[in-house]
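**Student:** okay, sequence plus prediction incoming.
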Amino acid sequence: MHIHPLEKKWIYVVLAVIGILLAAIFYTAIARNIHPPGHIETIDSASLHLSEEFAEDKLGVWTQPDGTIKVILVAARYGFYPRQIQIPAGTQVTFRIASADVLHGIHIPMTNMATMVVPGYVSQVTTTFPKPGEYPMLCNEYCGLGHDHMWSKVTVVAKENWPTASNVQPVGR
Ligand code: CUA
């Protein structure tokens with residue numbers, strides 16, 4: 001089969017582009033730990049307030065017996081509840097988020113914390129924040145007129161300052 005030299009060049013160009021894209025996928029997945037959440041768990045979004053885990057008094061930051069952190073959040077038009085959370089740096093943090101109404105997204109810029117929050121499902125992301133600081137937690141799926149204002153504040157405190165008297169967290173579970 002004869003392939004025109006120009007056509008051959010384009011085949012190489014296309015193969016190179018595919019190679020670059022695959023390299024980018026593997027680089028972000030392996031080196032930067034960015035990948036789609038694989039967790040599947042269903043929940044009745046209409047009765048979150050009655051659920052064992054997402055009832056109002058269960059929301060927030062919990063220290064696990066093994067020292068890791070669990071954050072239970074509800075996403076609802078237009079906010080993440082609780083509105084402010086504090087977590088320690090350099091510690092494994094597992095976020096569990098459920099929507100009380102429509103599709104939301106949750107994204108902490110400059111970190112690998114990002115997932116959709118689909119009604120009827122529990123979204124789960126485990127990550128570690130290396131640096132202390134203040135981070136916004138934004139909704140990145142259009143969810144209605146108040147979408148632009150749907151954000152909360154995450155304060156990451158240095159590990160040695162955790163816990164302090166001023167940020168008494170519920171412990172246990
Ligand atoms: Cu919630 Cu946009």
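**Tutor:** Thanks, I have the structure now. Numbers count the residues shown, from 1 in each chain.
**Student:** quick check: residues of the protein near the ligand?
**Tutor:** Proximity of the chain to the ligand (Cβ under 6 Å from any ligand atom) is limited to residues 104, 139, 141-143, 147, 150. Every residue, glycine included, has its C-beta placed from N, CA and C.
**Student:** of these, grab the buried ones for ChimeraX.
**Tutor:** Buried members of the residues of the chain next to the ligand, defined by 16 or more other Cβ atoms under 10 Å, are picked up in ChimeraX with:
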select :104,139,141,143,147,150
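**Student:** can I get the residues of the chain next to the ligand in TSV including secondary structure?
**Tutor:** TSV is the format used below for those (DSSP: H, G, I helix; E, B strand; the rest coil):
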residue	secondary structure
His104	strand
Cys139	coil
Glu141	coil
Tyr142	coil
Cys143	coil
His147	helix
Met150	coil
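**Student:** return the member of the residues of the chain next to the ligand nearest to Ile11.
**Tutor:** Glu141 (38.6 Å; Cβ to Cβ).
**Student:** quick one: that closest one and His107 touch, right?
**Tutor:** No. Using Cβ atoms under 8 Å, Glu141 is not in contact with His107; the gap is 9.2 Å.
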